[in-house]
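Asker: predicted model follows, preceded by the sequence.
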Amino acid sequence: MRKSTKLLAACFSVAAIAAAAGIIYLNAQETGKKFACIFEDGKLVHKIDLTQVTRAYTIELEGNIVFVEKGQISIIEADCPDKLCIKQGAIENGARPIVCLPNNVVIKLTDDETDVDLTTGA
Amino acid sequence: MNTRKTVLVALMACLALGIYALESIVPPIVPIPGVKLGLANVVTLVAIYVLGCRAAFATLLIRIVLSSLLFGQAMSFLFSLAGGVLCWVAMRFASRFFGTSGVWIVSVFGALFHSAGQILVAIAVTSQLAVAYYFLFLIISSIISGIFTGICASYCIKLIQKRFL
């Protein structure tokens, strides 16, 4: 029993380190995605080429306000109590999406090839 | 299930609900949905060891239904249920292997499966696989919070087994 406890403690440490390494790897690797896709209730509602933004502007969703700038995108207003999506900050080109679970809003970045059709949302 | 056990299940569910309510007041430290201490899981863990797996499941279900009704947002019932049930299944099997000496291991398994359940629901609800990115964060936070709640629970279990059983 003692031995298995030690083994599992080692496994958990390895899992934690692997997860941390995965985060660092994903953040380092996934670059050059310039399209921001905003999904509301699982449907694509906006697709923005972040390199083409000249003046910053906002987009109003049902419960959130999205702030679009040149090269980055963030949520600045939310009607949910925890405001986690605002605290997640701006995303530029990484693998990290902005998620607002109470309003079912996801903002993720893609590159040009994975083209998502605006009308079908597929 | 005799009367004594029924009353204990009700009391445990009450306790878990109270702890859950208190914990939900504390503002989140990290801006990642799902990262929390999960102190209510201490009660489920204690119930598994002291009352048995089935009674623990009853405790868990009562807590989830009541907490979603009282302070839940629209989706929180689904999230709690998926997380809670997976957590219970994982802890049930782990508790057979590790016994009273490895409560913290059981707790870490429970926490990991709880996060997995929540991420699965999040992927289903948002229909975005990209949400799975946050599972990497949840693995780390689950291990840390699992160890903490496991240690809390192991003290409780030892005390209860010494004094009351």
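Answerer: Perfect, I can see it now. From a predicted model like this one, the values you see are computed outputs, not experimental measurements.

Asker: biggest helix in chain A, by residue count?
Answerer: Counting residues, the longest helix in chain A under DSSP state H turns out to be helix A:2-29.

Asker: now do the buried residues in it.
Answerer: For helix A:2-29, the neighbour count (16 or more other CB atoms under 10 Å in any protein chain shown) marks A:8, A:12, A:15-16, A:19, A:22-23 as buried. In short, each C-beta sits where N, CA and C put it, glycine included.

Asker: check whether it contacts chain B.
Answerer: Yes. Contact of helix A:2-29 with chain B (CB under 8 Å from any CB of the partner chain) involves A:4-5, A:8, A:12, A:15-16, A:19-20, A:22-23, A:26.

Asker: that helix - what's its average pLDDT?
Answerer: Averaged over helix A:2-29, pLDDT sits at 87.

Asker: following element in sequence after it, please.
Answerer: Toward the C-terminus, helix A:2-29 is succeeded by strand A:35-40 as the next helix or strand (DSSP states H and E).

Asker: who does that next one touch, helix- and strand-wise?
Answerer: Contact analysis of strand A:35-40 by 3 or more CB pairs under 8 Å, 6 or more residues apart in numbering or on different chains; DSSP states H and E lists strand A:43-49, strand A:105-110 as its packing neighbours.

Asker: and stretch A:63-82, C-alpha only, in PDB?
Answerer: Written as PDB, here are the backbone C-alpha positions of stretch A:63-82 (Å, rounded to 0.1, in the frame of the first residue of the first chain):
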ATOM      1  CA  GLY A  63     -25.400  39.300 -22.600                       C
ATOM      2  CA  ASN A  64     -21.800  40.400 -23.400                       C
ATOM      3  CA  ILE A  65     -20.100  43.300 -25.100                       C
ATOM      4  CA  VAL A  66     -17.000  42.300 -27.200                       C
ATOM      5  CA  PHE A  67     -14.200  44.800 -27.800                       C
ATOM      6  CA  VAL A  68     -12.400  44.400 -31.100                       C
ATOM      7  CA  GLU A  69      -9.000  46.000 -31.600                       C
ATOM      8  CA  LYS A  70      -6.300  45.700 -34.200                       C
ATOM      9  CA  GLY A  71      -4.700  42.300 -33.500                       C
ATOM     10  CA  GLN A  72      -6.700  41.400 -30.400                       C
ATOM     11  CA  ILE A  73     -10.200  40.700 -29.100                       C
ATOM     12  CA  SER A  74     -11.700  40.700 -25.600                       C
ATOM     13  CA  ILE A  75     -15.000  40.800 -23.700                       C
ATOM     14  CA  ILE A  76     -15.500  44.000 -21.700                       C
ATOM     15  CA  GLU A  77     -19.100  43.600 -20.400                       C
ATOM     16  CA  ALA A  78     -21.000  40.700 -19.100                       C
ATOM     17  CA  ASP A  79     -24.300  40.300 -17.300                       C
ATOM     18  CA  CYS A  80     -23.300  37.200 -15.400                       C
ATOM     19  CA  PRO A  81     -22.300  37.400 -11.800                       C
ATOM     20  CA  ASP A  82     -18.800  36.000 -12.000                       C
END
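
Asker: for chain B, which helix is longest?
Answerer: helix B:133-163.

Asker: now that helix: mean pLDDT?
Answerer: 93.

Asker: report the inter-axis angle for it versus helix A:2-29.
Answerer: 160 degrees (axes from the mean of the first three to the mean of the last three CA atoms, to 10 degrees).

Asker: please identify the buried residues of helix B:133-163?
Answerer: For helix B:133-163, the neighbour count (16+ other CB under 10 Å) marks B:133-150, B:152-154, B:156-157 as buried.

Asker: what about whichever residue of chain A sits closest to chain B, neighbour count?
Answerer: Relative to chain B, the nearest point of chain A is A:Lys87 (3.3 Å; CB to the nearest CB). Applying other CB atoms under 10 Å in any protein chain shown, we find 14 residues neighbouring A:Lys87.

Asker: so it touches B:Pro33, yeah?
Answerer: No. Counting by CB atoms under 8 Å, A:Lys87 does not reach B:Pro33; the two are 10.5 Å apart.

Asker: many thanks, we can stop here.
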